[in-house]
Structures are given as structure tokens and as C-alpha cells.
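> whatever this is, show me its structure:
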Amino acid sequence: MRRVVHAFLAVCLALGLSSCIFEAFGFAHDQKLVGPYHLVGVDTPEQMTLCVRDKKGCTGVGIEATVVAAGYDSRFIVVLRKPANEFGQTLGTPDEYWFIQRDLAAEARGEGGDAMGPFTADEYAGLAEGNDFPELSVVFENLR
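Okay, here's the model as predicted:
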């Protein structure tokens, strides 16, 4: 009976540790936006960035934390960023707007485009009007 209890405890411990190990290599938030682009918060949602995801991991596109909103259409990806430090604490500086002109052939190969920005709200409004940017349809209200 004692061996059965020890075996049972050993299995429970192994399962518990394995779930901790697998969780440790995951992200706090990982949401596919479009194509290879993902919105990822590595340790916390406050560290949300835009990256290109492949089998090896996630490569940043130059838009750091904290991404609070994003949108896309067949031509563009747009992002609203509230600048933050490496811990996801916002810096109190004005919001930044970014965009990526999509290259669907490159995306099919798992590659991302270059991020353009940062732009102020007024600069972005002018660019958005001239380029017919998509709406910021994915919004993280808890990060605003």
C-alpha cells in the first residue's frame, strides 16, 4: 500500500512540474492578428508587442510595449502603442501610432514587413485619411 501511495505522489508531482515547465515557456498573451503577425505579452499582458511568429518563436517588428490596439486589412496593419518600460509600466508619454504596409507574398513565407512610425495622433490622422487605413478593431481596454 505504501508503494502505491508513493507511486501516486510521484506521478502527481511529475504532472505538476511538467505543467509548470510547459507554462513557463508560453506567453502571458498570444493572439494571432493576421498572417504571421501575433500580439504577444511575454510575461504580462502589459508587455504586449507585435511580432512575427514562426516555429522558432516570435520576432519583434520594432513596435515595443505596450500595444493597446491594432487593426488590419489586405493592405495595412495599424497599431496604437502606449510607450512603456520593459516591465510594462507606461511612461506617461503621448500615444504612438504605427503602420506596416502588408506584403502578402512575404507573409505566406512567414516574413513580416517593416514598421513605420512612431507618429503622433495628428500625423497618423493625416496618413490614415490619405491611405484609407483600417480601424483599430482589436482593443485591449484593460491596457488603455
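
> other residues contacting stretch 95-102?
With Cβ atoms under 8 Å, 6 or more residues apart in numbering as the test, stretch 95-102 has contacts from 35, 61, 63, 68, 72, 74-83, 112-121, 123-124, 127, 131, 133. All C-beta spots, glycine's among them, are computed from the backbone N, C-alpha and C.

> buried residues of that stretch, list them for me.
95-100, 102 (16 or more other Cβ atoms under 10 Å).

> and for stretch 115-128?
115, 117-119, 124, 127-128.

> for stretch 70-81, same thing?
70-72, 76-81.

> got a list of contacts for that stretch?
By Cβ under 8 Å, 6+ apart, the list of residues contacting stretch 70-81 reads 33-34, 37, 39, 50, 63-69, 95-102, 104, 113, 115, 117-118, 128, 131, 133-138.

> what's the mean pLDDT across it?
The average pLDDT for stretch 70-81 rounds to 97.

> ok, which stretches of this structure are helices?
For the chain, the helices defined by DSSP state H occupy 2-24, 104-108, 121-131.

> let me know the pLDDT of the closest residue to Ala108 other than its chain neighbours.
Nearest residue to Ala108, sequence neighbours excluded (Cβ to Cβ, 6 or more residues apart in numbering): Gly35, at 7.8 Å. Confidence at Gly35, expressed as pLDDT, is 93.

> equivalent analysis for the one 10 residues further on, please.
Pro45 is assigned a pLDDT of 85 by the prediction.

> of the helices of the chain, which shows the lowest average pLDDT?
Minimum mean pLDDT among the helices of the chain: helix 2-24, a mean of 43.

> just the strands in the chain please.
29-34, 37-41, 49-54, 57-60, 67-72, 76-81, 96-101, 115-119, 138-139 (DSSP state E).
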